[in-house]
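*Asks:* got a sequence here, can you build the structure:
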Amino acid sequence: EIATFYWPLALTSLIGLTVQPLLTFFMGRSIAPVESLAVFPVVHSISFFFRSMGLAFQDTAIALMGNNFEHYAELRRFALSLGTATSVGLAIVAFTPLSSFYFATISGLSPDLVGFALPPTQIIVLLPALSVLLSFQRAILVESRRTSHITVASALEVLTVALTFMTLGWGFDFVGATAAFSAFFAGRLMSNAYLVWG
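*Replies:* Residues are numbered from 1 along each chain as shown. Model prediction:
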């Protein structure tokens, strides 16, 4: 029983670790590969800063859900507030002069590379909110002992990332970094959608 509960979660982590090397591989074979590979860690780091708050929410939701989901409503309200706050925070960086300060001054990107970093950042402004939603969905499934759905959602996410990048980066000649973060966003959206259905 422990193994049945645990192995899907372990497999989910292994599947999730494939996304970044997969995108790196794709960007190296797309439009502007050097520039894309240069800005990818910078955009990923600012994204992860806001998404990390959602990652921490999963353990919190599992711990506080209560018997028979008695605190579901309170956790849902908090998830909505947290998701909104984190995505608004990223949007402030992406759509205001703070973007130049972060990318040029703090991260040290050249003006040309700032131009490569800005569109992907703007594309993923809803990603922190989707990460909060994913953590909440996973917490519900863990509490329900239905962890296999989490593994399927992660596999669909990676598949969507690959297909979206190949479509945008190779089919429509998007710049590698823009295609990569578009694919990242599409993959997370697919994962959320599957768990809503599941």
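
*Asks:* where along this structure do the helices fall?
*Replies:* Counting by DSSP state H, the chain has helices at residues 2-16, 19-27, 33-64, 72-95, 98-100, 111-123, 127-143, 148-165, 176-197.

*Asks:* is it possible to export those helices to TSV including mean neighbour count and mean pLDDT?
*Replies:* (Each C-beta comes from the backbone N, C-alpha and C, glycine too.) As requested, the helices of the chain are arranged in TSV below (neighbours: other C-beta atoms under 10 Å; pLDDT from 0 to 100):
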stretch	mean neighbour count	mean pLDDT
helix 2-16	13	90
helix 19-27	18	96
helix 33-64	18	96
helix 72-95	16	98
helix 98-100	14	96
helix 111-123	19	98
helix 127-143	23	97
helix 148-165	20	97
helix 176-197	22	97
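
*Asks:* number of nearby residues for Gly171?
*Replies:* Neighbour count for Gly171, taken as other C-beta atoms under 10 Å: 10.

*Asks:* cool, Ile31 as well?
*Replies:* Neighbours of Ile31 (other C-beta under 10 Å): 17.

*Asks:* wait, what's in contact with it?
*Replies:* Going by C-beta atoms under 8 Å, 6 or more residues apart in numbering, Ile31 touches Gly169, Asp173, Phe174, Val175, Gly176.

*Asks:* Thr178 versus that one, what's the distance?
*Replies:* When distance is defined by C-beta to C-beta, to the nearest Å, Ile31 is 9 Å away from Thr178.

*Asks:* just send the contacts of Ile31 back as a markdown table, with distance to Thr147 too.
*Replies:* Converted to a markdown table, the contacts of Ile31 look like this (distance: C-beta to C-beta, whole Å):
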| residue | distance to Thr147 |
| --- | --- |
| Gly169 | 33 |
| Asp173 | 40 |
| Phe174 | 35 |
| Val175 | 37 |
| Gly176 | 34 |
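
*Asks:* only whichever of the residues you listed are buried, select them in PyMOL.
*Replies:* PyMOL command restricting these to the buried ones, with burial defined by 16 or more other C-beta atoms under 10 Å:
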select buried, resi 169+174+175+176
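
*Asks:* now compare the contacts of Ile31 and name the two farthest from each other.
*Replies:* Pairwise distances across the contacts of Ile31 peak at 10.1 Å for Asp173 and Gly176 (criterion: C-beta to C-beta).
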